[in-house]
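Chemist: Need coordinates for the following:
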Amino acid sequence: MMAISQLTTQRYCVPTDPLLKSGPEIERMLFDAFNNAASGYEHQFVVGAAMNLLVNAVRQNCATRNDAERTFDELVGRTKNLLLEKHYDPVTNKRRNIFPFTQVVQAELVRWGNE
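Modeler: Numbering: from 1, shown residues only. A predicted model of the protein is given here:
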């Protein structure tokens, strides 16, 4: 595992990612902190940590099982809708390209022999 100091120096985040500019300022600050802490870890560990944060937040906020289930279902439903509507094309069923291309590759004409 990587040390926290190593994680904060490594950012595998695209600066144009719309998630970096979404939500209220405090949400962006917490997202950035989690993003920094999670950089360099495998997908399964990042998802596990994120889900543990969600479960802990719901558990601390809801006094009853029914309230916790209702809150969790609402959060997951909204998040699923956001994920599918903003990040996947309903026609092609593929991930949308939400990041603009900044490079254009141009090949030079190759002259063969004595042309």
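Chemist: so where's this protein shaky on pLDDT?
Modeler: 1-23, 98-112, 114-115 (pLDDT under 70).
Chemist: Would you map the helices across it?
Modeler: Ranges of helices within the chain are 4-9, 25-38, 43-61, 65-87, based on DSSP state H.
Chemist: Tabulate those helices (TSV), appending mean neighbour count.
Modeler: Using the backbone N, CA and C atoms, a C-beta is placed for each residue, glycine as well. Listed next are those as TSV, based on neighbours: other CB atoms under 10 Å:
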stretch	mean neighbour count
helix 4-9	11
helix 25-38	13
helix 43-61	12
helix 65-87	11
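Chemist: nearest to N93, of these?
Modeler: helix 65-87 (10.1 Å; CB to CB).
Chemist: okay, the helices of the chain in CSV with distance to K94 next?
Modeler: Output for those, formatted as CSV (distance: least, CB to CB, whole Å):
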stretch, distance to K94
helix 4-9, 31
helix 25-38, 25
helix 43-61, 19
helix 65-87, 10
